[in-house]
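> got a predicted structure here, sequence first:
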Amino acid sequence: MHLRNLFAVVMLSGIYSLLSAGIFVQLDAVDVAFTEAAVGAGITTILMLGTLALTTDTERPPVKRQWLPLAVVLTTGAALIYGTLDLPLLGDPSAPANLHVAPRYIEQSGQEIGVPNIVTSVLASYRGYDTLGEVTVIFTAGIGVMMLLGANRRRKRKKDQP
Amino acid sequence: MRHHLVLRVIAKLLIPFILVFALYVQFHGDYGPGGGFQAGVIFAAGFILYGLIFGLDQVRKVVPPAVVEVLVAAGVLLYAGVGVASLLLGGNYLDYGVLRHDPVHGQHLGILLIEFGVGTTVAAVMITIFYNFAGRGREGR
């Protein structure tokens, strides 16, 4: 599959996100699926389209074929697939991830937090620090976009005023 | 987009439901799937849809950029403020149990407040990014 039309690429990546959201629903990770559908398929697609409107929607053909990136991608992909061979099966109760703190969350969160959605109690309470960090990252991203893209507007307005 | 009658009518019909759904996801996140992050994105999506159909100037009248910029910081401040409040009440940072006499009620209150903070920041950041991306092209040229 080879596409130079970036509009089609953006649409395909949106569809890919929506399909991954479906996979997450199949894996019973509804909260993740929700995020993937809203952010990956929704907002990201809009922002990509906005970027295309600012730049151009056709990729320039490269001067010569580059084999090094292809080799890097193939090697990394092969290493990742090799790594999955060792992973425990999906939903295996004896997997390390299911033995550490997960049983405590499942058994105790009803009495300690009293929220039926365990994902919420983990995100907001047990792992409140991490979520604060995530919100700070989003905050920083917003500030970054304001500084990079909004600077032009501010300067112009200041020039207009006096 | 001024002449797309179908898009305009459908958008007008859908936007109130999108916003109400976002509020449902926000405040029902304790019981069903969802939470502040998803709710913020859906809430922002309602305004972005409005901006796409009716133009950037219209949506900037509805939600002025200055207000959105304040909200970007307000959400993080609310989140961190809940942490400071629990410190002042004698608990650990972000330990919501001390916010009320009953620890479980305190946890409920804390989760509600910080989820609201998350939702506010996420919605405001998404709207800000959209404003900056969409407003860049016409002023730059």
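Great, that's in hand. This one's a predicted model, so the numbers in the text were calculated from it and none came from an experiment. Numbering: from 1, shown residues only, chains lettered A, B, ... in the order given.
> rest of the way, CA atoms for contacts and neighbours
OK.
> quick one: residues contacting the spatially most central residue of chain A.
Closest residue to the average C-alpha location of chain A: residue A:40 at 6.5 Å, with C-alpha atoms, centre = their mean. Residues near residue A:40 by C-alpha atoms under 8 Å, 6 or more residues apart in numbering or on different chains: A:14, A:17-18.
> among those residues, which are in helices?
Using DSSP state H, the subset of the contacts of residue A:40 located in helices is A:14, A:17-18.
> and the gap between the residue nearest to the centre of chain A and residue A:18?
Per C-alpha to C-alpha, to the nearest Å, residue A:40 is found 7 Å from residue A:18.
> if you average pLDDT per helix and strand, which one of chain A comes out bottom?
Ranked by mean pLDDT, DSSP states H and E, the weakest helix or strand in chain A is helix A:128-160, scoring a mean of 80.
> can you get me a residue count around residue 131?
This is for chain A. Residue crowding around residue A:131 was assessed by other C-alpha atoms under 10 Å in any protein chain shown; the count is 20.
> you looked at the wrong chain, it should be chain B
Residue B:131, neighbours per other C-alpha under 10 Å, totals 22.
> check contacts around it.
Neighbours of residue B:131 in contact, by C-alpha under 8 Å, 6+ apart: B:56, B:65.
> can you give me the buried ones in the strand or helix carrying it?
Here residue B:131 sits within helix B:103-140, counting by DSSP states H and E. Neighbour-count burial for helix B:103-140 flags B:103-136 (criterion: 16 or more other C-alpha atoms under 10 Å in any protein chain shown).
> please apply the same query to stretch A:84-102.
Here stretch A:84-102 shows no buried residue, counting by 16+ other C-alpha under 10 Å.
> show the end-to-end separation of that stretch, please.
22 Å.
> and it, how far out from the chain middle?
From the chain centre to the centre of stretch A:84-102 is a distance of 23 Å (C-alpha atoms, centre = their mean, to the nearest Å).
> what do you get for stretch A:122-137?
Its chain's C-alpha centre and that of stretch A:122-137 lie 16 Å apart, by C-alpha atoms, centre = their mean.
> and that stretch, which residues are buried?
Within stretch A:122-137, judged by 16+ other C-alpha under 10 Å, the buried ones are A:122-126, A:128-129, A:131-132, A:135-136.
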